[in-house]
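K.L.:
Here is a sequence together with a model predicted from it:
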Amino acid sequence: MSDSAHEHASHTEHGYIRRQDDYLKRLRRIEGQVRGLQGMVTDEKYCIDILTQISATTRALESVALGLLEDHLAHCVREALESGGAEADAKIAEASAAIARLVKS
């Protein structure tokens with residue numbers, strides 16, 4: 001994100017703000033899953049069991065990412081499109097790049 005985009009973002013309400021508590025709760029749960037994975041490795045658990053838990057953790061992170069993306073599109077991108085112009089083009093490009101990063105991960 002460019003400096004001007006960061007500056008703009010810091011002066012407006014983010015699209016996820018109304019679901020912030022939900023996101024934080026989910027991220028804390030994921031943090032616990034990661035700690036559990038560390039424990040599984042420390043305790044020398046079976047490889048497939050660890051991989052299964054990694055897969056579950058990855059899906060949980062992807063779910064948070066998709067929710068944040070949905071909120072961004074519904075709030076920030078929609079707002080920029082209503083304003084039009086270069087800001088709209090920049091928000092669409094930014095969202096497209098974020099989607100591409102998610103698809104590649």
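P.N.:
Noted; the coordinates are in hand.
K.L.:
rest of the way, CA atoms for contacts and neighbours
P.N.:
OK.
K.L.:
hey, where'd the helices end up in the chain?
P.N.:
3-11, 20-42, 47-72, 78-83, 85-104 (DSSP state H).
K.L.:
can I get these in a markdown table with mean neighbour count?
P.N.:
Shown next, in a markdown table, are these (neighbours: other C-alpha atoms under 10 Å):
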| stretch | mean neighbour count |
| --- | --- |
| helix 3-11 | 10 |
| helix 20-42 | 14 |
| helix 47-72 | 15 |
| helix 78-83 | 14 |
| helix 85-104 | 13 |
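K.L.:
Could you tell me which ranges of this structure sit under the pLDDT cut-off?
P.N.:
1-12 (pLDDT under 70).
K.L.:
which residue packs closest to residue 60, ignoring adjacent ones?
P.N.:
Among residues not flanking residue 60 along the chain, residue 30 sits closest, at 6.9 Å (C-alpha to C-alpha, 6 or more residues apart in numbering).
K.L.:
what's the answer for residue 37, then?
P.N.:
Using C-alpha to C-alpha, 6+ apart, the closest residue to residue 37 is residue 50 (6.6 Å).
K.L.:
which residues touch the one you found?
P.N.:
37, 40, 41 (C-alpha atoms under 8 Å, 6 or more residues apart in numbering).
K.L.:
now do residue 40
P.N.:
residue 50.
K.L.:
any idea which of the contacts of residue 50 is closest to residue 102?
P.N.:
residue 37 (22.7 Å; C-alpha to C-alpha).
K.L.:
just to revisit the earlier point, kindly indicate which of the contacts of residue 50 lies nearest residue 78.
P.N.:
Looking across the contacts of residue 50 and measuring by C-alpha to C-alpha, the closest to residue 78 is residue 37, at 38.8 Å.
K.L.:
so how far is residue 105 from residue 37?
P.N.:
20 Å (C-alpha to C-alpha, to the nearest Å).
K.L.:
Against residue 27, how distant is the residue positioned nearest the centre of the chain?
P.N.:
By C-alpha atoms, centre = their mean, the mean C-alpha position of the chain lies nearest to residue 65, the distance being 2.8 Å. According to C-alpha to C-alpha, residue 65 stands 11 Å off from residue 27.
K.L.:
And for residue 100?
P.N.:
For residue 100, the distance to residue 27 - C-alpha to C-alpha - is 22 Å.
K.L.:
Appreciated, that's everything.
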